[in-house]
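# Here is my input; please provide its structure:
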Amino acid sequence: MYHFYSGLLLATDLHTNLRARVATTFVPGLICVGGIFFLHFGIFTALAFYNLTMCGGVINAMLPAFRNTPQPPLTAKTKAT
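Residues are numbered from 1 along each chain as shown. Got it, this is the predicted structure:
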C-alpha cells in the first residue's frame, strides 16, 4: 500500500510542477509579445525579460531534484544512544 501512496504523491508533485512549467513558459512569452506591440519594448528589454524568465523556468524545472536529495546515512557518531 505504501508504494501506491508514494505513486500518488509522485503524480501529484508532477502535476503541480507541470502546471508551474506551463505558467513560467507561456505567461512571460505573452507578456513579452504584448509588451513589444503595446508597450513598445525595445529588443534589449524583450531579450532581458525573456532571459530572466528562462532562468526562472530552469530553476522551476530543477526544484524536484533539489527537494528529493537523498539524506546522508547515519553514522556511528550521529546515532542517538
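# Please identify the buried residues of stretch 43-50?
Across stretch 43-50, burial judged by 16 or more other C-beta atoms under 10 Å covers F49. In short, each C-beta sits where N, CA and C put it, glycine included.
# avg pLDDT for that stretch?
Mean pLDDT, computed over stretch 43-50, is 88.
# cool, and stretch 56-70?
On average, the pLDDT along stretch 56-70 is 77.
# what sits up against stretch 12-23?
Residues outside stretch 12-23 that contact it (C-beta atoms under 8 Å, 6 or more residues apart in numbering) are G57, N60, A61, L63, P64.
# ok now the lengthiest helix in the chain, how far from the chain's centre?
Secondary structure assigned by DSSP state H gives helix 2-38 as the longest helix of the chain. Averaging C-alpha positions (C-alpha atoms, centre = their mean, to the nearest Å) puts helix 2-38 8 Å from its chain's average.
# pLDDT (mean, whole number) over that helix?
In this model, helix 2-38 has a mean pLDDT of 80.
# Adding secondary structure, neighbour count and distance to Y50, write the contacts of stretch 12-23 out as CSV.
Compiled in CSV, the contacts of stretch 12-23 are given as follows (DSSP: H, G, I helix; E, B strand; the rest coil; neighbours: other C-beta atoms under 10 Å; distance: C-beta to C-beta, whole Å):
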residue, secondary structure, neighbour count, distance to Y50
G57, helix, 16, 10
N60, helix, 15, 15
A61, helix, 13, 16
L63, helix, 13, 21
P64, helix, 13, 24
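# Closest one of those to I31?
Comparing those against I31 with C-beta to C-beta places G57 closest, at 13.6 Å.
# show me what contacts the closest one?
Neighbours of G57 in contact, by C-beta under 8 Å, 6+ apart: R21, T24, T25.
# out of the residues you listed, who has the most neighbours?
T24 (19 neighbours; other C-beta atoms under 10 Å).
# From L10, how far out is that one?
21 Å (C-beta to C-beta, to the nearest Å).
# Tell me, how many residues neighbour T53?
By other C-beta under 10 Å, neighbour count at T53 equals 17.
# Helix, strand or coil: sort out F41 for me.
coil (DSSP: H, G, I helix; E, B strand; the rest coil).
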